[in-house]
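Undergrad: Sharing a model prediction with you, sequence too.
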Amino acid sequence: MKTIKVAAAIITHDDQIFATQRGYGEFKDGWEFPGGKVEAGETPQEALIREIREELDTEIEVGELFDTVEYDYPTFHLSMDCFLCTVTSGSLVLKEHEAAKWLTRESLDSVAWLPADLGLIEKLKHRKLAVFFPGIGYHCDKPLLYYSEKLAREYQYETIKIAYHGLGKDLDEAFLDALSQTETCLEKVNWKQYEDVLFVSKSIGTAVACAYAKKHMVTCRNIYYTPLEKTFAFAPQSGIAFHGTADLWADTGMMQSKCRELHLPLFLVEEANHSLEVSHDTQRNLEILTRVMEGTRCFVEDAVWYRQLGELELDLELFANFVRHQKVDMCRRKIDGEWKTVADPFTDDWTQEEYQMLVGCLKNTVLTGGFVCGAFYRGALKGFVSVEAALFGGEHRYMDLSSIHVSEDMRGKGIGRNLFEKASAFAEQKGAGKLYISAHSAVETQAFYQSMGCVEAQWYHREHVEREPYDCQLEYRLRVE
């Protein structure tokens, strides 16, 4: 099949996009973006400038490539490079088209587009922009910003990378200079054209991003890599922050306090410096980068992020958005050696004192070599699981799955299953043969454990039975070779 190579102009002005109605040929009356064939020896950009001059008697500035459309018509294959463009002179005179309209994102569906343009229209209706704000000496080609920019592109974000030049050593002067250069770089951006705006920033760039958003009233989501104390002077918007506990540019206690005050989720990287790295340990730095990028990906994707928790992260504030509440009507009870379902209505919830006790238990789990994993959604803890390090039960080689809970507002979404699988993987790695679970007796809870493959424990742990006599003692056989 013959391939026809064309270039199309997505001409924008304020929050509107210019569309034309074809006035001739096989596709007469269909709506499209103006442009035409790329001739031999021309670049797509050169062809577009020529075509718009011929068709609309107008000069344009060709900007970023927005998309390349590949589409099969019955008799040919269309390959169409689509560029974002602005008018530099002329008044868009219709020399070949039947009609034209300026459309907003909301009115793009009001005309009958040619088939090849339909996918492009969907993308234009949901345009997303990610802007990257570097630090002093930490440019956009450094790991955190380089890989986060690649992630943003994978999720169909248009990207802008800020570059600072000639910043001085004084932090306050450097901030003002960086903000001024940022304003120049972004002066032509029309924020209304975007459904989603993401600011990704590093070090002093976090302060610049917050100051710019506040000054220019840009609503955005944020990823803050190693923010500074100065960052919090500009009322940071929603997002997630990453901080190394060995960062000499920002105190960890201050960072925790400021993030807590603003309800900004904070991910601590223990022993990491201002670059979120540790000295002389390449393998660990790669592991840190992988974890940070996984958190970045989940934030961009609006997905649940599962990660192992450290002792410093475990405090009451971690549970600020966690809802333990569980209304129970029916329970499983072992009566005369037989399991039965009985009515025993009650509401299970945790007091502040019980949350404090939980924090202490989880800290102890971490400090004694155990495993605590959290499930985070939009930066807030929505589920967690813990496994104690000690083996017990003789030949059974049990490890105690000491807790697994999912916040009431996120149940039924597979979080519990994923947490259980991560707990199992930890226990397998440590050489356990089975997980031991002293499980809540509510029929819903028991149904979950049954679905995971848990059965009644062959050996009962006396302390668990004495502490929670109504719990069901279960075990789960691990896949240990």
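TA: Done, it's in. Nothing here was measured: the structure is a model prediction, and the numbers come from that model.
Undergrad: Pull the number of nearby residues for Trp31.
TA: When neighbours are counted by other Cβ atoms under 10 Å, Trp31 registers 23. Every residue, glycine included, has its C-beta placed from N, CA and C.
Undergrad: I'd say it and Thr20 touch.
TA: Yes: the criterion here is Cβ atoms under 8 Å, and Trp31 meets it with Thr20 at 7.0 Å.
Undergrad: Run a quick neighbour tally on Glu270.
TA: The tally of other residues near Glu270 (other Cβ under 10 Å) stands at 14.
Undergrad: swap in Asp57?
TA: 14.
Undergrad: Find the residue closest to it in space, skipping its chain neighbours.
TA: Excluding the flanking residues, the one nearest Asp57 by Cβ to Cβ, 6 or more residues apart in numbering is Val93, at 4.2 Å.
Undergrad: Please apply the same query to Glu183.
TA: Tyr212 (6.9 Å).
Undergrad: I'd like the next helix or strand past the helix or strand where the one you found lies.
TA: Element membership of Tyr212 [criterion: DSSP states H and E] is helix 204-216. Per DSSP H and E, the first helix or strand lying C-terminal to helix 204-216 is strand 221-225.
Undergrad: average model confidence for that next one?
TA: On average, the pLDDT along strand 221-225 is 97.
Undergrad: From the chain's centroid, how far away is it?
TA: Relative to the centre of its chain, strand 221-225 is centred 10 Å away, using Cα atoms, centre = their mean, to the nearest Å.
Undergrad: Does anything pack onto it? Which helices or strands?
TA: In terms of contacts (3 or more Cβ pairs under 8 Å, 6 or more residues apart in numbering; DSSP states H and E), strand 221-225 is packed against helix 143-154, strand 196-202, helix 204-216, strand 239-244, helix 282-301.
Undergrad: Reformat the ones you listed as JSON lines; add mean neighbour count and mean pLDDT.
TA: Formatted as JSON lines, the helices and strands packed on strand 221-225 follow (neighbours: other Cβ atoms under 10 Å; pLDDT from 0 to 100):
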{"stretch": "helix 143-154", "mean neighbour count": "18", "mean pLDDT": "96"}
{"stretch": "strand 196-202", "mean neighbour count": "25", "mean pLDDT": "97"}
{"stretch": "helix 204-216", "mean neighbour count": "24", "mean pLDDT": "97"}
{"stretch": "strand 239-244", "mean neighbour count": "24", "mean pLDDT": "96"}
{"stretch": "helix 282-301", "mean neighbour count": "16", "mean pLDDT": "95"}
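Undergrad: and of these, who's closest to Phe76?
TA: helix 143-154 (29.5 Å; Cβ to Cβ).
Undergrad: check contacts around Ser402.
TA: Neighbouring residues of Ser402 by Cβ atoms under 8 Å, 6 or more residues apart in numbering: Cys361, Thr365, Gly370, Ser386, Val387, Glu388.
Undergrad: And Pro115, by the same measure?
TA: Tyr71, Tyr73.
Undergrad: Now do the contacts for the residue nearest to Glu183.
TA: Tyr212 sits in contact with Leu179, Thr182, Glu183, Leu186, Val218, where contact means Cβ under 8 Å, 6+ apart.
Undergrad: If we use 10 Å, what do you get?
TA: By Cβ atoms under 10 Å, 6 or more residues apart in numbering, Tyr212 lies in contact with 131, 133, 162, 178-179, 182-183, 185-186, 199, 201, 205, 218, 220, 234.
Undergrad: show me where the stretch 1-150 of the chain has strands.
TA: With strands called from DSSP state E, counting those that start in this stretch, the stretch 1-150 of the chain shows them at 3-13, 16-21, 31-32, 35-37, 59-72, 77-89, 99-104, 128-133.
Undergrad: Name the stretch among these that sits most buried.
TA: Burial of these is given as mean neighbour count (mean count of other Cβ atoms under 10 Å); strand 128-133 ranks first at a mean of 24.
Undergrad: what's the average pLDDT for it?
TA: Rounded mean pLDDT across strand 128-133 is 96.
Undergrad: Check which helices and strands it is in contact with.
TA: Applying 3 or more Cβ pairs under 10 Å, 6 or more residues apart in numbering; DSSP states H and E, we find strand 128-133 packed against helix 143-154, strand 158-161, helix 171-185, strand 196-202, helix 204-216, strand 221-225.
Undergrad: The second one pairs with which strands?
TA: Meaning strand 158-161. Strand pairing for strand 158-161, using DSSP bridges, gives strand 128-133 (parallel).
Undergrad: May I see the strands of the stretch 1-150 of the chain organised as a markdown table, with distance to Ile437 added?
TA: Listed next are these as a markdown table, based on distance: least, Cβ to Cβ, whole Å:
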| stretch | distance to Ile437 |
| --- | --- |
| strand 3-13 | 57 |
| strand 16-21 | 57 |
| strand 31-32 | 61 |
| strand 35-37 | 63 |
| strand 59-72 | 51 |
| strand 77-89 | 55 |
| strand 99-104 | 55 |
| strand 128-133 | 43 |
